[in-house]
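In: what's the 3D shape of this:
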Amino acid sequence: MINTVIRNIKNEDLYEVKCVAKKAFWNLNMPGCDEHYTVHSLWNSDVCVKELSMLAEIEDKIIGAILYAKAKIKTPDAELDTLSFGPLCVDPGFQKKGIGKQLLNKSMEKARALGYGSIFICGVPTYYPKYGFKTADKFGITMPDGTNFDAFMGIELIKGSLFGITGKFYEPDVYCADVHNEKYMTEVDKFDKAFPYMEKKVLPNQWR
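Out: As a prediction, the model looks like this:
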């Protein structure tokens, strides 16, 4: 595991964080990507939890980042605060070296210390379970339409925080962008012009 500095993201870090997000996700899930635009939208929203949003750097070079957002669980009787995060990104040149693990563990440790009880995400189902995430049905939580699927996962940061809870998870709108929406993708393409050019490619296993 590479020894890195993990610290909170500052406003002046944003361009480099967006660059890392673009490089990490480019052509991974679709031709091009929109994760750098998600970083931009989330950071400038009222749901971003900046005290938990962190970056990893080596010798002042930013090589990874994780951004957190406020989310909700709605039960028949109440509305509970929870967290979500994304993107969690690492520069391709530093992947598979434990950087993502450091970002995730450090930020979850801080979230727990700040009193946050849980996190729910839609993420890679083969990656997050090794950090304690379980499919959301194990907690009695569904998506707003009542569905569950392998990529929808959660974790109790504080033991018992979800005991006896059943409800629906509502993630922030910033995570609900439709990449098949022409207007949205026009905005993304316009935004992308501020970053180094990378060629869009159609590749196997892209799903978005």
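In: ok now stretch 114-123, how far from the chain's centre?
Out: Using CA atoms, centre = their mean, to the nearest Å, we find the averaged C-alpha position of stretch 114-123 to lie 11 Å away from the chain's own average C-alpha position.
In: Show which residues not belonging to that stretch make contact with it.
Out: Judged by CB atoms under 8 Å, 6 or more residues apart in numbering, the contacts made with stretch 114-123 from elsewhere in the structure are 51-52, 71, 73, 81-86, 88, 108, 111, 128, 133, 136, 139, 141, 151-158, 161-162, 169, 171, 175. Backbone N, C-alpha and C define where each C-beta goes, glycine included.
In: buried set for the helix ranked longest in the chain?
Out: Ranked by residue count and defined by DSSP state H, the top helix of the chain is helix 99-113. Of the residues in helix 99-113, 99-100, 102-104, 106-108, 110-111 count as buried by neighbour count, 16 or more other CB atoms under 10 Å.
In: so the residue nearest the centre of the chain, which of the three states?
Out: Nearest to the geometric centre of the chain sits residue 86, at 1.0 Å (CA atoms, centre = their mean). With DSSP: H, G, I helix; E, B strand; the rest coil as the basis, the three-state label of residue 86 is strand.
In: ditto for residue 168
Out: In three-state terms, and counting by three-state DSSP, residue 168 is strand.
In: Please report the number of neighbouring residues for it.
Out: One way to gauge burial is a neighbour count; for residue 168, by other CB atoms under 10 Å, it gives 17.
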